[in-house]
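S.K.: Quick one, structure for this:
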Amino acid sequence: MADAVIGQEIVIERLMIALLANGNVLMEGLPGTAKTRSIKTLSNLIESQFSRVQFTPDLLPSDVTGSEIYREHDGTFEFQPGPLFGNLVLADEINRAPAKVQAALLEAMEERQVTVAGKTHKLPKLFLVLATQNPIEQEGTYPLPEAQMDRFLIYVKVPYPPSENELAILRLVRSETVNGADETPTRMPQEAIFTARKEVGKIHVAESVEQYIVDLVIATREPHRYGDELARWINVGASPRATIALDAASRARAWLHGKDFVSPEDVQVVAPACLAHRVHLSYEAEAAGKTREDVVGAVLERVAVA
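M.R.: Alright, predicted model coming up:
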């Protein structure tokens, strides 16, 4: 992935963490920052069915989930699966669709199933929603509901690549245009991912690290315990899903770095990705120019390791 997505090492690592932790990803960044490219590259490296949904204001929920089709020759209805029934589902520019369509993903992301016309249809065992959005202050977008934001395991803010990588990006795209993209000789089988997930589940988390994870989440709910400034910045704290996400992402990060235990450093590295989209800022924080990442950073500074 690093050969195809240049200058976005943090983005790549967080996609790997989501894959290992069996969670959904929300990626936000300005156009042209390789959001779609990174997701498509990941799908090309895994034996999987890749689906893409381009979210637009006129999209219908059935365009995503699928619908019942009437079979005239025998007078019955047959379910026609939508693009949501892929393994890696790219929900491109998810914030350009109205809330009704965004909500069509809720059941799939949480329960790994879709209910259409009163019937429940299971999604594939390997299933990830990888959603992208341009910053919500851009014209013609609809902010995601908080309930849906909470269902994303991690949030990845995609920056512009470092200036020293810009020339390499230019040459890579030029080469692909002239010679075509390199074909991947082998694709990782899905069973390898499931095996890795089992290993991630066995990573040891000490009681002190578990308490540190809990303390970080509680700090977002009870910020007054850590100073008046933090209390003025945070309006609503993170849900219990944040605790679960921090635990899963920390173990995946430890496994990626060849460790058999989770350290406080692993928790600190993944905390912004797990907490930023779950912490709701006050008007005072926004007026002061504070971002969600800034506030999570302030929480990390104030909460001591257990």
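
S.K.: going forward, measure contacts and count neighbours with C-alpha atoms only.
M.R.: Fine.

S.K.: so P162 makes contact with E9?
M.R.: No - if you go by Cα atoms under 8 Å, P162 and E9 don't touch, sitting 10.8 Å apart.

S.K.: So for these two, which residue has more residues nearby?
M.R.: Shown here are P162 and E9; by other Cα atoms under 10 Å, E9 has more neighbours (13 against 10).

S.K.: The more buried one: what's it in contact with?
M.R.: A2 (Cα atoms under 8 Å, 6 or more residues apart in numbering).

S.K.: and the nearest residue to G297 once chain neighbours are set aside, what are its phi and psi?
M.R.: Of all residues not flanking G297 in the chain, P272 sits nearest, at 7.3 Å (Cα to Cα, 6 or more residues apart in numbering). The phi/psi pair for P272 (degrees, to the nearest 10) reads phi -60, psi -40.

S.K.: So P272 versus V296, what's the distance?
M.R.: 6 Å (Cα to Cα, to the nearest Å).

S.K.: ok, now L90?
M.R.: Distance of L90 to V296, computed by Cα to Cα: 27 Å.

S.K.: now the helices: where do they sit in the stretch 151-300 of the chain?
M.R.: With DSSP state H, counting those that start in this stretch as the criterion, the stretch 151-300 of the chain has helices at 166-179, 190-201, 207-221, 228-233, 240-256, 264-275, 283-287, 292-302.

S.K.: packing partners for the longest one?
M.R.: Counting contacts by 3 or more Cα pairs under 8 Å, 6 or more residues apart in numbering; DSSP states H and E, helix 240-256 packs against helix 9-21, helix 190-201, helix 207-221, helix 264-275.

S.K.: Show me what counts as buried in it.
M.R.: Buried residues in helix 240-256, counting neighbours by 16 or more other Cα atoms under 10 Å, are found at 241-243, 245-256.

S.K.: angle of it against helix 190-201?
M.R.: Interaxial angle, helix 240-256 versus helix 190-201 (axes from the mean of the first three to the mean of the last three Cα atoms, to 10 degrees): 110 degrees.

S.K.: if you average pLDDT over helix 240-256, what comes out?
M.R.: Taken as a whole, helix 240-256 carries a mean pLDDT of 96.

S.K.: okay, it in CSV with CA atoms only?
M.R.: What follows is helix 240-256 as a C-alpha-only set of coordinates in CSV (Å, rounded to 0.1, in the frame of the first residue of the first chain):
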residue,chain,number,x,y,z
PRO,A,240,-19.2,3.0,25.7
ARG,A,241,-18.5,2.2,22.0
ALA,A,242,-15.4,4.4,22.4
THR,A,243,-14.1,2.2,25.2
ILE,A,244,-14.6,-0.9,23.1
ALA,A,245,-13.0,0.7,20.1
LEU,A,246,-9.9,1.9,22.1
ASP,A,247,-9.4,-1.7,23.3
ALA,A,248,-9.7,-3.3,19.9
ALA,A,249,-7.6,-0.7,18.0
SER,A,250,-4.9,-0.7,20.7
ARG,A,251,-4.6,-4.5,20.4
ALA,A,252,-4.5,-4.3,16.6
ARG,A,253,-1.8,-1.6,16.7
ALA,A,254,0.3,-3.7,19.2
TRP,A,255,0.0,-6.8,16.9
LEU,A,256,1.1,-4.7,13.9
